[in-house]
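Colleague: My questions are about this predicted structure, shown below with the sequence.
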Amino acid sequence: MSSWDFIAKLVAIGDSATGKSSLTIRLCEGRFSPHHDVTIGVEFGSRIVPVGPPNTQPPKSKPGVSRDPSLVNISEGLPEPRRAEPQVEQRHMKLSLWDTAGQETYKSVTRSYFRGASGALLVFDISRRQTFNHVQDWLNDLRQIAEPDIVVVLVGNKSDLAAGDENKREVTKEEAEEWAKKNGVLEYVETSAKSGEGVEMAFGRVAERIYQNIEAGKYDLNDRRSGVKGPGAIANRGNVKLGAPAKAGYGCC
């Protein structure tokens, strides 16, 4: 039996040296490499993440905080009868991560990987405004080639450079959030591949929205051209471990 229920293709796009490879390594291997070589063409990684309930269910209220109004015959001070909660099986999604090169030289190659992607992380460096100025061009390229309903999250990486006295931030959260809203991007998330802050959130937001689209019937899971597939559509699916999971509940494969 497969350890995942769905597999989704994600691409990481953006200018060179914004930290796309570092984000992928942090998610898949739980580590940070300060001297990663420049990506030539594309690199690949994968990670299994939980999607849907019970992973996304809101936290339960504390006992005694609220009372079921239908239990009118229960005397004050007595505990309410325990209600059996339905068991929901956790679903898992395997994220097939394609880390693309940011140099103009390789754009003709990297654009070909946009096809068939169901999700994208549009990455810029918060300490270099020029990389933020280019996200519009990357989004335009993506939407020309990828599926119309591709899930996109704007990622401001290197948030660790905005901490302390030597704040190197050149792009504010407010303007990045405004850009995301204006351009129909799901949301804006700040990350630090160095510390790991926000990394799982960024990928998790994409995965969760893709799962919602699956539930809404937006993908043909048996079509090999679809950006999302079920286990039955994958032949010879082997799990290759890339590194130890960064957090309990997530698996790398």
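Modeller: Received, thanks.
Colleague: Okay, now the unreliable bits of the stretch 101-250 of the chain?
Modeller: Low-confidence segments of the stretch 101-250 of the chain, defined by pLDDT under 70, are located at 102-109, 232-250.
Colleague: Show me the helices in it, by range?
Modeller: In the stretch 101-250 of the chain, the segments counted as helices under DSSP state H, counting those that start in this stretch are 107-111, 129-133, 135-145, 173-182, 199-215.
Colleague: mind checking which of the ones you listed is nearest residue 6?
Modeller: Distance to residue 6, taken as Cβ to Cβ, is lowest for helix 199-215 among the helices of the stretch 101-250 of the chain, at 6.3 Å. Using the backbone N, CA and C atoms, a C-beta is placed for each residue, glycine as well.
Colleague: list the helices and strands that closest one packs on?
Modeller: Applying 3 or more Cβ pairs under 8 Å, 6 or more residues apart in numbering; DSSP states H and E, we find helix 199-215 packed against strand 6-13, helix 20-29, strand 42-51, strand 91-100, strand 119-125, strand 151-157, strand 187-190, strand 228-229.
Colleague: Dump those to JSON lines, plus distance to residue 141.
Modeller: As requested, the helices and strands packed on helix 199-215 are arranged in JSON lines below (distance: least, Cβ to Cβ, whole Å):
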{"stretch": "strand 6-13", "distance to residue 141": "8"}
{"stretch": "helix 20-29", "distance to residue 141": "15"}
{"stretch": "strand 42-51", "distance to residue 141": "15"}
{"stretch": "strand 91-100", "distance to residue 141": "11"}
{"stretch": "strand 119-125", "distance to residue 141": "11"}
{"stretch": "strand 151-157", "distance to residue 141": "12"}
{"stretch": "strand 187-190", "distance to residue 141": "19"}
{"stretch": "strand 228-229", "distance to residue 141": "22"}
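Colleague: Save these as CSV, and put in distance to residue 204 and mean neighbour count too.
Modeller: Below are the helices and strands packed on helix 199-215 laid out as CSV (distance: least, Cβ to Cβ, whole Å; neighbours: other Cβ atoms under 10 Å):
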stretch, distance to residue 204, mean neighbour count
strand 6-13, 12, 26
helix 20-29, 10, 25
strand 42-51, 6, 21
strand 91-100, 10, 24
strand 119-125, 11, 26
strand 151-157, 10, 27
strand 187-190, 9, 20
strand 228-229, 16, 23
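Colleague: Of all the ones you listed, which one is nearest residue 170?
Modeller: Each of those was scored for nearness to residue 170 using Cβ to Cβ, and the closest is strand 119-125 (8.6 Å).
Colleague: who touches the residue nearest the centre of the chain in this structure?
Modeller: In the chain, the residue lying closest to the centroid (Cα atoms, centre = their mean) is residue 203, at 1.5 Å. The contact partners of residue 203, by Cβ atoms under 8 Å, 6 or more residues apart in numbering, come to 10, 27, 47, 49, 95, 121.
Colleague: Can you tell me how far it is from residue 144?
Modeller: Per Cβ to Cβ, to the nearest Å, residue 203 is found 24 Å from residue 144.
Colleague: now do residue 190
Modeller: 27 Å.
Colleague: Then residue 213?
Modeller: Using Cβ to Cβ, residue 213 is found at 20 Å from residue 144.
Colleague: Comparing these two, which residue is more hemmed in?
Modeller: residue 213 (19 against 9; other Cβ atoms under 10 Å).
Colleague: wait, what's in contact with that one?
Modeller: So residue 213 contacts 118, 149, 151, 219, 228 (Cβ under 8 Å, 6+ apart).
Colleague: Same question for residue 138.
Modeller: 13, 14, 15, 122.
Colleague: Same list, those, but as CSV with distance to residue 111 please.
Modeller: Listed next are those as CSV, based on distance: Cβ to Cβ, whole Å:
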residue, distance to residue 111
13, 9
14, 13
15, 15
122, 14
